[in-house]
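> structure of the sequence below:
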Amino acid sequence: MKVITDIKEGEGLEGLLGEQVIIICACYIYSGKLVGVNEQCVKLEDPSIVYETGAWADKGYKDAQKLPHKHHYIATGMIESFGLGKA
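Numbering: from 1, shown residues only. Below you'll find the model as predicted:
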């Protein structure tokens, strides 16, 4: 078996701290500014639930509803994928 042995700092969720992200979970899609990461959860600032993304090439999401608070926490065990989001 081939394995990668180099450890790179700032990869994965930690590498996206301070960025606008999209987090695709088992049931919902979330967007917001990633401001916190630990083993149990991630913390989004100015969070939204994305009900419909629209075309990925579009500048914004077709239907993203702002959550009624400044921060929202997502359990890392529910995250399926993540990356830079739309503004």
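
> output the below-cut-off pLDDT ranges for the chain.
2-9 (pLDDT under 70).

> how about 90 then?
1-11, 87 (pLDDT under 90).

> in it, which spans are strands?
20-25, 29-37, 41-52, 63-66, 71-75, 79-84 (DSSP state E).

> of all the ones you listed, which one is nearest Leu13?
strand 29-37 (4.7 Å; C-beta to C-beta). Quick note: C-beta positions are derived from backbone N, CA and C, even for glycine.

> direction included, what does that closest one pair up with?
Under the criterion DSSP bridges, strand 29-37 sits next to strand 20-25 (antiparallel), strand 41-52 (antiparallel) in its sheet.

> report the buried residues of it.
Buried residues in strand 29-37, defined by neighbour count with 16 or more other C-beta atoms under 10 Å: Ile29, Tyr30, Ser31, Gly32, Lys33, Leu34, Val37.

> name all residues that make contact with the residue positioned nearest the centre of the chain.
Centroid-nearest residue in the chain: Ile23, 3.0 Å away (criterion: C-alpha atoms, centre = their mean). By C-beta atoms under 8 Å, 6 or more residues apart in numbering, the residues touching Ile23 are Ile29, Tyr30, Ser31, Val42, Leu44, Ile74, Ile79, Ser81, Phe82.
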